[in-house]
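In: Mind folding the following:
(chains A, B, C and D)
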Protein chains: 2
Amino acid sequence: MTFNQIFERFSSRYLPASLSDAAMMRFRALGRALPVIREAPVSLDENADHLVYVCSGATKLVAHASAGRDQVVAFHFPDELIAVPARAEHSYTLYTVSPSELLVFDYADFADLARGEPAVLRMLLDCARKSLGRCRDKSLALGRKTAPERLAGFLVGMAVRIGAPQDDITFLDLPMSRRDIADSLGLTIETVSRQFTLLREQKIIETVGKSGVRIRDLLALEARAGYLIEAA
Amino acid sequence: MTFNQIFERFSSRYLPASLSDAAMMRFRALGRALPVIREAPVSLDENADHLVYVCSGATKLVAHASAGRDQVVAFHFPDELIAVPARAEHSYTLYTVSPSELLVFDYADFADLARGEPAVLRMLLDCARKSLGRCRDKSLALGRKTAPERLAGFLVGMAVRIGAPQDDITFLDLPMSRRDIADSLGLTIETVSRQFTLLREQKIIETVGKSGVRIRDLLALEARAGYLIEAA
DNA sequence: CGGCCTATTGATTAGCCTCAACCCACGTGG
DNA sequence: CCACGTGGGTTGAGGCTAATCAATAGGCCG
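Out: I've put the predicted structure just below:
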């Protein structure tokens, strides 16, 4: 895919139609296309914040702690926009999880340019707030939920984001490895694997190869996810 | 403190000086002062997002899971601005942790009004991004760090935010209870208490009554917090 | 001074991690 | 074409951290 095609997708999704051609050109000048890569860290300058548009593929944002411990802070799928922070007291790295086409901006430059375009600022704000909401939900899961609840919640979330409904079954093709899932849920790969087995034994899901999951009973998954039940 | 005084503080900190009087009045019209309350939930309409300015006191934003499990998503101290989300798949509640004076806005109304004021939008964006950064750090701690690391990281963070340096010692007056700390760190009160005891035994901190902490060795705390050490 | 709530300390348990073996799909080269 | 190697995933046994259950101590109020 050419840079122009990628930018076109990005702008039609995230830039207002009302934007002048001149302004559009200025945003375009800030973008840099990153080619398809297989499961690799995305090389970004660690001293600056970045804005990354996922055109195709999938990525994970990973936070690093001492002793080689990693925490996947978020996964991203096609047509999503991510803010990647510069190195701070914890350092963060963006990785592709499957072959991907990315569009990268320097965050500060982009935001400065958006100063003259309230609709773009508003879009950045909505984007940050959506990430914040997801991150808060993740904090709740990591701090207070059990392993079965975490995996159930993960699968429900993936079903919403990348699930393919077929009849009353939802099919998932998970692009990330068991290790990625474990690092996202704050568990080990063994625990994740055991939870998959339990869900399989209870006929709630079926697994197809390494990455396929057929969700047979989405309601059962939701019931397991530990969401607060509203008293009627 | 009167509404006018509270709004004045808020506007001098968060609204640009360049704002016209008319615009200022419109923002002011959206605000609602909430009086001093002792350790209580802040009553907000659960169906809308809110923007809350903490003028004095301290608050906690709590996410609720099933079975009465709570996770403190963030603490807030004077002069901070918070986005409180509406009820979603997890519900959130803002609580005061000590007597507080709050200024409350409807988020949608505020953001709509900010449409005409890029500087205000930019401020909201910076605010959301700061919260997101803190939340990501918290996810790392909850997912991958041990109990000693979590408490050390918590104390370092509090030292930065509300610590009073005295000579080479930092004094902390923690407004929140052990339960709040436990709910913030994804631990139990007993574990938090044991970790305080360990830090005391190792002469890294001293505790003064229930809420006072004297940090004698901030470097030792930082070393315990599990931050990624940069290879030179 | 007595009651009450929070914090601390102690003993035991449970859930997840660690370590280890095994399985399976896939790719490679003999 | 099949033996082999490799890397991810699954399964099993035992250990460890933090939770749970229970009791005591300490501030803070009347």
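In: Tell me how far the host helix or strand of residue A:58 lies from the chain's centre.
Out: Using DSSP states H and E, residue A:58 sits in strand A:50-64. Relative to the centre of its chain, strand A:50-64 is centred 7 Å away, using CA atoms, centre = their mean, to the nearest Å.
In: Alpha carbons of that strand, in CSV - could you do that?
Out: Output in CSV follows, covering the C-alpha atoms of strand A:50-64 (Å, rounded to 0.1, in the frame of the first residue of the first chain):
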residue,chain,number,x,y,z
HIS,A,50,4.3,9.6,18.9
LEU,A,51,0.9,9.2,17.3
VAL,A,52,0.5,6.0,15.4
TYR,A,53,-2.3,5.0,13.1
VAL,A,54,-2.7,1.3,12.5
CYS,A,55,-3.8,0.9,8.9
SER,A,56,-3.6,-2.9,8.8
GLY,A,57,-2.2,-5.6,11.1
ALA,A,58,-2.1,-5.4,14.9
THR,A,59,0.2,-3.9,17.5
LYS,A,60,0.8,-4.0,21.3
LEU,A,61,2.0,-1.3,23.5
VAL,A,62,4.3,-2.8,26.2
ALA,A,63,5.4,-1.2,29.5
HIS,A,64,8.7,-2.5,30.9
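In: Give the partner strands of that strand in its sheet and their orientations.
Out: Here strand A:50-64 is paired, per DSSP bridges, with strand A:70-76 (antiparallel), strand A:80-84 (antiparallel), strand A:91-106 (antiparallel).
In: Can you say which of the ones you listed is nearest to residue B:2?
Out: Of all the strands paired with strand A:50-64, strand A:80-84 sits nearest to residue B:2, with 38.2 Å by CB to CB. Bear in mind the C-beta positions are built from the backbone N, C-alpha and C, glycine included.
In: and for the closest one, what are the contacting residues?
Out: Contact with strand A:80-84 is made by A:14, A:44, A:49-54, A:59, A:61, A:74, A:76, A:92, A:94, A:107, A:127-128, A:131, B:129, B:132, as judged by CB atoms under 8 Å, 6 or more residues apart in numbering or on different chains.
In: Kindly export stretch A:10-27 (C-alpha atoms) in CSV.
Out: Only the C-alpha atoms of stretch A:10-27 are listed here, as CSV (Å, rounded to 0.1, in the frame of the first residue of the first chain):
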residue,chain,number,x,y,z
PHE,A,10,-6.3,7.8,8.1
SER,A,11,-7.6,11.1,7.1
SER,A,12,-11.0,9.8,6.1
ARG,A,13,-11.4,8.2,9.5
TYR,A,14,-9.7,10.8,11.7
LEU,A,15,-9.6,14.1,10.0
PRO,A,16,-12.7,16.2,9.5
ALA,A,17,-14.0,16.5,6.0
SER,A,18,-14.2,20.2,6.5
LEU,A,19,-10.4,20.5,6.6
SER,A,20,-9.0,22.7,3.9
ASP,A,21,-6.7,21.2,1.3
ALA,A,22,-3.8,23.3,2.6
ALA,A,23,-4.3,22.1,6.2
MET,A,24,-4.6,18.5,5.0
MET,A,25,-1.3,18.9,3.2
ARG,A,26,0.3,20.1,6.3
PHE,A,27,-0.8,17.1,8.3
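In: ok, residues contacting it?
Out: Under the criterion CB under 8 Å, 6+ apart, residues A:28, A:31, A:53, A:55, A:79, A:81, A:103, A:110, A:113, A:116-117, A:119-120, A:123, A:127 lie in contact with stretch A:10-27.
In: which one of those residues is nearest residue A:140?
Out: Residue A:140 has its nearest neighbour among the contacts of stretch A:10-27 in residue A:127, at 21.2 Å by CB to CB.
In: distance of residue A:218 from DNA strand D?
Out: Residue A:218 is 20 Å from DNA strand D, where distance means CB to the nearest atom of the strand, to the nearest Å.
In: ok, residue A:18 - how many residues close by?
Out: Using other CB atoms under 10 Å in any protein chain shown, residue A:18 is surrounded by 8 other residues.
In: One more: residue A:152?
Out: As a burial measure, residue A:152 scores 24 neighbours (other CB under 10 Å).
In: related to what we said a few turns ago, of the contacts of strand A:80-84, buried ones?
Out: Burial by neighbour count, judged by 16 or more other CB atoms under 10 Å in any protein chain shown, picks out A:14, A:44, A:49-54, A:59, A:61, A:74, A:76, A:92, A:94, A:107, A:127-128, A:131, B:129, B:132 from these.
In: show me what contacts residue A:66?
Out: B:226-229.
In: just residue A:38 next, same as before
Out: Shown in contact with residue A:38 (CB under 8 Å, 6+ apart): A:96, A:98-99.
In: Quick one: mean pLDDT for the strand or helix carrying residue A:110?
Out: Per DSSP H and E: residue A:110 is located in helix A:107-114. Across helix A:107-114, pLDDT averages out at 97.
In: What lies in contact with that helix?
Out: Outside of helix A:107-114, the residues within contact range by CB under 8 Å, 6+ apart are A:23, A:26-27, A:30, A:48-51, A:83-84, A:120-121, A:124, B:118, B:122, B:125.
In: how does it look with 6 Å?
Out: A:26, A:30, A:49-51, A:120-121 (CB atoms under 6 Å, 6 or more residues apart in numbering or on different chains).
In: List the contacts of the nearest residue to residue A:176 once chain neighbours are set aside.
Out: Excluding the flanking residues, the one nearest residue A:176 by CB to CB, 6 or more residues apart in numbering or on different chains is residue A:97, at 4.8 Å. Residues in contact with residue A:97 (CB under 6 Å, 6+ apart) are A:58, A:60, A:175-176.
In: quick one on the thing from earlier: what angle do the helix holding residue A:110 and strand A:91-106 make?
Out: 40 degrees (axes from the mean of the first three to the mean of the last three CA atoms, to 10 degrees).
In: chain center to helix A:107-114, what's the gap?
Out: Counting by CA atoms, centre = their mean, helix A:107-114 is centred 22 Å from the centre of its parent chain.
In: what's the answer for stretch A:187-199, then?
Out: Centroid displacement of stretch A:187-199 relative to its chain, using CA atoms, centre = their mean, is 21 Å.
In: Perfect, that will be all.
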